[in-house]
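J.: Okay, sequence plus prediction incoming.
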Amino acid sequence: MKKYKSIYYFEGQSLFEVIMALAVSALMLTAIVTLTSRSVTTSANSKNKTQANRYVDEAMEFIRREEINEGYTDFKNNILTNGGWWCLITLDLTTNEACDPDDAGHNISGTIFQRTLSASGSDTTKSIDIKIWVKWTDESGAHETYSISSIGNW
(Lines give C-alpha, C1' and ligand atoms only; values in the text may rest on other atoms or scores of the structure.)
Protein backbone atom coordinates (compact mmCIF):
# COMPACT_ATOMS: atom_id res chain seq x y z
CA MET A 1 0.00 0.00 0.00
CA LYS A 2 1.19 3.38 -0.97
CA LYS A 3 1.37 6.20 1.57
CA TYR A 4 0.38 9.63 0.47
CA LYS A 5 1.88 12.72 1.85
CA SER A 6 -0.50 15.31 3.08
CA ILE A 7 -0.49 18.35 0.93
CA TYR A 8 -1.29 20.56 3.96
CA TYR A 9 1.63 21.63 6.06
CA PHE A 10 1.03 23.42 9.33
CA GLU A 11 4.08 25.61 9.62
CA GLY A 12 4.36 28.94 11.43
CA GLN A 13 1.80 30.58 13.67
CA SER A 14 -1.84 31.15 13.07
CA LEU A 15 -3.22 34.68 13.21
CA PHE A 16 -5.03 33.87 16.45
CA GLU A 17 -1.81 32.79 18.18
CA VAL A 18 0.00 35.94 17.07
CA ILE A 19 -2.80 38.18 18.37
CA MET A 20 -2.88 36.32 21.70
CA ALA A 21 0.90 36.64 22.10
CA LEU A 22 0.71 40.38 21.40
CA ALA A 23 -2.16 40.80 23.89
CA VAL A 24 -0.25 38.97 26.65
CA SER A 25 2.87 41.05 25.93
CA ALA A 26 0.85 44.28 26.04
CA LEU A 27 -0.69 43.31 29.40
CA MET A 28 2.72 42.51 30.85
CA LEU A 29 4.18 45.82 29.66
CA THR A 30 1.20 47.74 31.06
CA ALA A 31 1.65 46.04 34.43
CA ILE A 32 5.37 46.83 34.51
CA VAL A 33 4.82 50.51 33.62
CA THR A 34 2.04 50.83 36.21
CA LEU A 35 4.17 49.29 38.97
CA THR A 36 7.13 51.47 38.07
CA SER A 37 4.96 54.59 38.13
CA ARG A 38 3.51 53.68 41.53
CA SER A 39 6.98 52.95 42.85
CA VAL A 40 8.23 56.39 41.80
CA THR A 41 5.19 58.09 43.37
CA THR A 42 5.59 56.14 46.62
CA SER A 43 9.27 57.01 46.73
CA ALA A 44 8.55 60.73 46.25
CA ASN A 45 5.84 60.66 48.94
CA SER A 46 8.18 58.91 51.34
CA LYS A 47 10.94 61.42 50.64
CA ASN A 48 8.57 64.35 51.30
CA LYS A 49 7.26 62.78 54.51
CA THR A 50 10.81 62.22 55.77
CA GLN A 51 11.80 65.81 54.96
CA ALA A 52 8.64 67.16 56.65
CA ASN A 53 9.44 65.18 59.81
CA ARG A 54 12.95 66.67 59.78
CA TYR A 55 11.49 70.17 59.59
CA VAL A 56 9.18 69.42 62.54
CA ASP A 57 12.06 68.04 64.63
CA GLU A 58 14.29 70.97 63.69
CA ALA A 59 11.64 73.46 64.83
CA MET A 60 11.01 71.62 68.09
CA GLU A 61 14.73 71.70 68.91
CA PHE A 62 14.80 75.41 68.05
CA ILE A 63 11.90 76.08 70.46
CA ARG A 64 13.59 74.14 73.26
CA ARG A 65 16.81 76.14 72.74
CA GLU A 66 14.84 79.40 72.77
CA GLU A 67 13.27 78.49 76.10
CA ILE A 68 16.69 77.72 77.58
CA ASN A 69 18.27 80.91 76.20
CA GLU A 70 15.44 83.30 77.15
CA GLY A 71 14.35 81.72 80.40
CA TYR A 72 10.89 80.27 80.90
CA THR A 73 9.00 83.49 81.78
CA ASP A 74 10.33 85.60 78.89
CA PHE A 75 9.95 82.70 76.50
CA LYS A 76 6.33 82.14 77.57
CA ASN A 77 5.46 85.83 77.14
CA ASN A 78 7.08 85.89 73.70
CA ILE A 79 5.72 82.60 72.32
CA LEU A 80 2.13 83.33 73.41
CA THR A 81 2.06 86.75 71.64
CA ASN A 82 -0.98 87.25 69.38
CA GLY A 83 -2.55 83.93 70.28
CA GLY A 84 0.63 81.90 69.95
CA TRP A 85 0.55 81.35 66.18
CA TRP A 86 3.83 81.42 64.28
CA CYS A 87 4.74 80.71 60.68
CA LEU A 88 8.30 79.38 60.91
CA ILE A 89 9.63 80.19 57.44
CA THR A 90 13.08 80.28 59.01
CA LEU A 91 14.00 79.26 62.51
CA ASP A 92 13.13 82.52 64.21
CA LEU A 93 10.07 84.00 65.82
CA THR A 94 9.41 86.85 63.38
CA THR A 95 6.20 85.88 61.53
CA ASN A 96 3.57 85.97 64.29
CA GLU A 97 0.67 84.40 62.35
CA ALA A 98 -0.39 81.05 61.01
CA CYS A 99 1.02 80.14 57.60
CA ASP A 100 -1.29 80.88 54.68
CA PRO A 101 -1.50 77.81 52.39
CA ASP A 102 -2.10 80.08 49.38
CA ASP A 103 0.97 82.21 50.07
CA ALA A 104 4.16 80.66 48.64
CA GLY A 105 6.04 83.33 50.62
CA HIS A 106 5.18 81.31 53.71
CA ASN A 107 6.99 78.23 52.38
CA ILE A 108 10.31 77.26 53.86
CA SER A 109 12.77 78.81 51.42
CA GLY A 110 13.11 76.79 48.20
CA THR A 111 10.65 74.07 49.26
CA ILE A 112 6.99 73.09 49.04
CA PHE A 113 6.69 72.92 52.85
CA GLN A 114 5.02 75.29 55.32
CA ARG A 115 5.88 75.03 59.02
CA THR A 116 3.42 76.39 61.61
CA LEU A 117 3.74 76.55 65.38
CA SER A 118 0.84 76.89 67.78
CA ALA A 119 1.53 77.62 71.45
CA SER A 120 -1.05 77.60 74.22
CA GLY A 121 -0.89 78.13 77.92
CA SER A 122 -2.14 80.54 80.56
CA ASP A 123 -0.78 82.57 83.42
CA THR A 124 -1.89 79.91 85.89
CA THR A 125 -0.32 76.93 84.13
CA LYS A 126 3.27 75.90 84.60
CA SER A 127 3.61 74.60 81.06
CA ILE A 128 3.20 75.65 77.47
CA ASP A 129 1.73 73.23 74.95
CA ILE A 130 3.53 73.42 71.61
CA LYS A 131 2.24 71.94 68.37
CA ILE A 132 4.39 72.16 65.27
CA TRP A 133 3.17 70.89 61.96
CA VAL A 134 4.44 70.91 58.43
CA LYS A 135 2.02 70.94 55.51
CA TRP A 136 2.70 70.48 51.82
CA THR A 137 0.85 69.81 48.60
CA ASP A 138 2.24 67.71 45.77
CA GLU A 139 0.86 65.80 42.78
CA SER A 140 -0.87 63.29 45.08
CA GLY A 141 -2.67 65.91 47.20
CA ALA A 142 -2.32 67.75 50.51
CA HIS A 143 -0.34 66.23 53.39
CA GLU A 144 0.75 67.14 56.89
CA THR A 145 2.81 65.83 59.76
CA TYR A 146 3.06 67.22 63.28
CA SER A 147 4.54 66.90 66.75
CA ILE A 148 3.09 67.97 70.09
CA SER A 149 5.17 68.73 73.16
CA SER A 150 4.96 70.52 76.49
CA ILE A 151 7.57 72.87 77.89
CA GLY A 152 7.29 73.26 81.62
CA ASN A 153 8.61 75.46 84.39
CA TRP A 154 9.06 72.92 87.11
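T.: The structure has been received and is ready for your questions.
J.: I'd like to know how many residues surround residue 134.
T.: For residue 134, the neighbour count with other CB atoms under 10 Å is 28. Heads up, the C-betas are built off the backbone N, CA and C, glycines and all.
J.: Who's the closest spatial neighbour of it, skipping the chain neighbours?
T.: Nearest residue to residue 134, sequence neighbours excluded (CB to CB, 6 or more residues apart in numbering): residue 52, at 4.2 Å.
J.: any low-confidence regions in this structure?
T.: Counting by pLDDT under 70, the chain shows low-confidence ranges at 1-13.
J.: Run through the helices of it in chain order.
T.: Under the criterion DSSP state H, the chain contains helices at 15-70, 72-79.
J.: Skip the chain neighbours and tell me the closest residue to residue 135.
T.: Spatially, and ignoring its direct neighbours in sequence, residue 135 is nearest to residue 144 (4.4 Å; CB to CB, 6+ apart).
J.: pretty sure the one you found is in contact with residue 132, am I right?
T.: No: between residue 144 and residue 132 there is no contact under CB atoms under 8 Å: 10.9 Å.
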